[in-house]
Each structure stands twice: as structure tokens, then as C-alpha cells.
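In: okay, sequence plus prediction incoming.
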Amino acid sequence: MTKREKEIIDLIKENPLITQEEIADKLNCARTSIAVHISNLMKKGIILGKKYIINEDPYILTMGETTVNIVGEAYKSIISNEVNPGAVSIKYGGIGKNIAENISKLGVSSNFITVLGGDSYGKEIENYLESKNINISDSIFLKNNKTTMSVSILNNNKEKEISISSSDICKNITPMYLNSIKKKITNARLVVLDANLDETTLSHIAYLRKKPNLLVYTVSPNNALKIKEFVGKFHTVKCNSLEAEILTGIRIYGDDDLRRIGEFLIKKGVKRVFIYIEEKGVFFMDEHNNSGIIPLPDLNLPILIGSKEAFVAGIAYAECNDYDIEYSTKFGIGAFMLNLLNDKNMTEYINVKNIENIIKEANI
């Protein structure tokens, strides 16, 4: 919400029967201006109906995977077909889970739809998510299934060498199930989609309705192929350069090609485009043809698991607060950097103030 919208909401909370004229008098502005702000608040789902019924808890809904990550990190260069010395750890991750958790840390009500098994990991993750104030009441719990697991091997530079994941359990998020909770989806302020979901599920959500806005994180080239035919149904797309090439059929040789890709996606119906360019920065474009590339500060650090999900959470927060496309990109990069600098896949340092500070300090 904007500062003025917050002032209007505070007055309505004090007196739900207050008129637009009274609000205008208290805020020393024109009644027509108040009418525009109230109309915007209704579109955002913060005010419900003409009697100023306030939705006290607007939320961002994330759909995606939760994974038990078994991570092996080598101490030295990896030698094939040998036992390599290193450290092995178990962490709770998953694209969807990481995004939902980061959104919660940014002070926004975070609802999350995922699938958890009936094993001990599933129960532990359920308790963990609830402890982080993430609403998982609409998630699916399967007693006779195992929670999604992933095994990853990192080299001594903390870069991923290979990963194997068993994620078939997420196929239980079906169109039929989503229809049963349709109101929970359509009442969200924003829906963020982890494109690891089944193609039929992604397509169903895309065609469900125009609102709420949909933000899709492609995650991988294979997922980019899944959403290629209905990418225009999404409001916002976050992808990397290879995935952008797959979505559009346009090869990237220079900055002009990035702009051509942005224009292609905007013409398809996308309103906001974010393309992560390895070792260079983030290209952005919106429906008004505002575009550019914001370089990533040279930190000389490996891209950690969870960093890109922090970026997605950042641009989701920015969209819900009506930030322009350029500052939205900077805010996402700020969240991304905090994740890198703190050497964790889910840093506790991610919050709005810290992101704003790092944007200034790093001159993003």
C-alpha cells in the first residue's frame, strides 16, 4: 500500500462509517482523490465492498514444492568414482517453500499450498512452516506417501555439480483440487507459482481468471517449455537467459536481443519481465516499455541455493506495494544479495529495512 492508502485504512478502522468527504477533510485533500484511492484499495482486495469492510489480512499465495534437501559439500575438487571427503547436511527447502518463507519475513501474510508426506520429515516441516507464520491450511497431507526429497552435490566452491529430486508427490496439486479451494486462490493479493508444478496444474491456474495477478518463476529450461504456450496468461515472469530464449525462440547475443524478448513477452500479455543474466545482472521490462539492466554488485561469491527464491520474494513484495519496475528489480536484487552475503539458503537477515539499506550501501 502507498502511504496515503495506509492513512485512509487507519481512518476507516477507527470509524467504519466514515464518509469520503470526512476522510478528505481529515487528510486535507480532495474528495475525488480519496475516491480514487478507495477504488484502488478495492481492486487490491484490501477493502471489500462499498461499506468499507476491510480485509484485515491480505495475503500472497505461493504454490510449489517443499523438499527435504540432502546436501553433500566437498572439501576439495571432486574426483569422479571416488569417495570425496566433505560435509553432509539435511535442510528443508524447495522452491515454493523458500519463496513463501521469504515473503513471510518481509512482513506480508504468506499462504502456501504444497504437498507433504506422512513421514517424520513431513510432520517436522509442517511444524517448521507454522513456526514461521506461514499458513499451510490449504496444503495437501498424504499419510501414505513420502515427502519430496532431493540429493545435491556441491563442489568446493559451493557450486552445484548434480542434483536428483523425487517430486512426483506434487502432482497431487491437481486442477480438481484447486477448484475445491478456488476462493482461497482468487482472494489472494498475488499468486506466486513454482513452475515445478505439473503442466496441467499451471495451465489451469493460468486460465482460472485474470485476477489475482500471477507471478511465475520458471526455475529450469524444462519448465520453460511447460509454460511456453500460455505464458501470456501470467502477469509477471522471472526466468534466466536460457529460459527466456526457450519461451520466445529468440537467441540472446546482446542487449538488443533482451529488449526484443521483453517486447515479445509483453505483446503476448505479460506485464512484467525479469531476466537473470549470469554474471551480468537483471534485465527488466514492463508493459509501458520501461526497461533496463541493473548490474549485480561484484561480490565474487557463489550463487547459493535459495538466493534466486529470495529475488522472487522481493519482486512479489514490490508488486504488492506498487513499486515501479526499476525499483522492484533493485528490491529483488537486494534480497538476493542478503542471501549471498549471509551464506545460508534461508537467511534470517531478510527484511524490508535490510533490503533498503543494502540497496543504498551497494549503490544498486
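Out: Perfect, I can see it now.
In: in stretch 23-32, what's buried?
Out: Neighbour-count burial for stretch 23-32, counted by 16 or more other Cβ atoms under 10 Å, picks out Ile23, Ala24, Lys26. Quick note: C-beta positions are derived from backbone N, CA and C, even for glycine.
In: surely the last one touches Leu11?
Out: Which is Lys26. Yes. Shown here, Lys26 and Leu11 form a contact pair, counting by Cβ atoms under 8 Å, at 6.1 Å.
In: picking that back up, tell me the one of the buried residues of stretch 23-32 nearest Ile103?
Out: Lowest distance from Ile103 to the buried residues of stretch 23-32 (Cβ to Cβ) belongs to Ile23, with 30.2 Å.
In: does the closest one sit in a helix, a strand or a coil?
Out: Using DSSP: H, G, I helix; E, B strand; the rest coil, the structure places Ile23 in helix.
In: neighbours around the residue lying closest to it once chain neighbours are set aside, how many?
Out: Leaving out its chain neighbours, the residue that sits closest to Ile23 by Cβ to Cβ, 6 or more residues apart in numbering is Ile34, at 5.0 Å. Other residues within reach of Ile34, judged by other Cβ atoms under 10 Å, total 22.
In: which helix or which strand is home to Ile34?
Out: Element membership of Ile34, judged by DSSP states H and E, is helix 31-43.
In: re the thing from before, ok, now how distant is the residue nearest to Ile23 from Lys6?
Out: Going from Ile34 to Lys6 by Cβ to Cβ, to the nearest Å gives 13 Å.
In: residues touching Ile266, list them.
Out: Going by Cβ atoms under 8 Å, 6 or more residues apart in numbering, Ile266 touches Val273, Met285, Asp286, Glu287, Asn289.
In: what ranges does the stretch 101-250 of the chain have for its strands?
Out: Using DSSP state E, counting those that start in this stretch, the strands of the stretch 101-250 of the chain run over residues 109-113, 115-117, 134-135, 140-142, 149-154, 160-166, 190-194, 213-217, 236-240.
In: least reliable of the ones you listed by average pLDDT, please.
Out: Set side by side, the strands of the stretch 101-250 of the chain differ in mean pLDDT, and strand 160-166 is lowest with a mean of 83.
In: low-confidence stretches in this structure?
Out: 1, 44-45, 48-57, 209-210, 299-306, 343-347 (pLDDT under 70).
In: the residue nearest to Ile23 touches Leu27, doesn't it?
Out: Yes. Between Ile34 and Leu27 there is a contact at 7.3 Å, judged by Cβ under 8 Å.
In: now do the shared contacts for these two.
Out: Contact criterion Cβ under 8 Å, 6+ apart; residues bridging Ile34 and Leu27 by contacting each: Ile8.
In: related to what we said a few turns ago, can you tell me which of the contacts of Ile266 lies closest to Lys91?
Out: Among these, Val273 lies closest to Lys91 (Cβ to Cβ), at 31.1 Å.
In: so who does that closest one touch?
Out: Contacts of Val273 by Cβ under 8 Å, 6+ apart are Thr236, Val237, Ile261, Gly262, Leu265, Ile266, Phe283, Phe284, Met285, Asp286.
In: what about the first one, neighbour count?
Out: In terms of burial, Thr236 registers 24 neighbours under the definition other Cβ under 10 Å.
In: gap between it and Glu287?
Out: Here the distance between Thr236 and Glu287 works out to 11 Å (Cβ to Cβ).
In: what residues are shared contacts of those two?
Out: Counting by Cβ under 8 Å, 6+ apart, the residues touching both Thr236 and Glu287 are Val270, Lys271, Arg272.
In: which ones among the residues you listed are found in strands?
Out: Using DSSP state E, the members of the shared contacts of Thr236 and Glu287 that fall within strands are Arg272.
In: tabulate the CA atom coordinates of the lengthiest helix in the chain in PDB.
Out: For the chain, the helix with the greatest residue count under DSSP state H is helix 325-341. The C-alpha coordinates for helix 325-341 follow below in PDB (Å, rounded to 0.1, in the frame of the first residue of the first chain):
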ATOM      1  CA  ILE A 325       9.600  -1.900 -12.300                       C
ATOM      2  CA  GLU A 326      13.100  -0.500 -11.800                       C
ATOM      3  CA  TYR A 327      12.900  -0.300  -8.000                       C
ATOM      4  CA  SER A 328      11.200  -3.700  -7.900                       C
ATOM      5  CA  THR A 329      14.200  -5.100  -9.700                       C
ATOM      6  CA  LYS A 330      16.500  -3.400  -7.200                       C
ATOM      7  CA  PHE A 331      14.500  -4.700  -4.300                       C
ATOM      8  CA  GLY A 332      14.700  -8.200  -5.600                       C
ATOM      9  CA  ILE A 333      18.500  -7.900  -6.100                       C
ATOM     10  CA  GLY A 334      18.700  -6.600  -2.500                       C
ATOM     11  CA  ALA A 335      17.000  -9.700  -1.200                       C
ATOM     12  CA  PHE A 336      19.200 -11.800  -3.500                       C
ATOM     13  CA  MET A 337      22.400 -10.100  -2.100                       C
ATOM     14  CA  LEU A 338      21.400 -10.600   1.500                       C
ATOM     15  CA  ASN A 339      21.100 -14.300   0.900                       C
ATOM     16  CA  LEU A 340      24.600 -14.400  -0.700                       C
ATOM     17  CA  LEU A 341      26.300 -12.400   2.000                       C
END
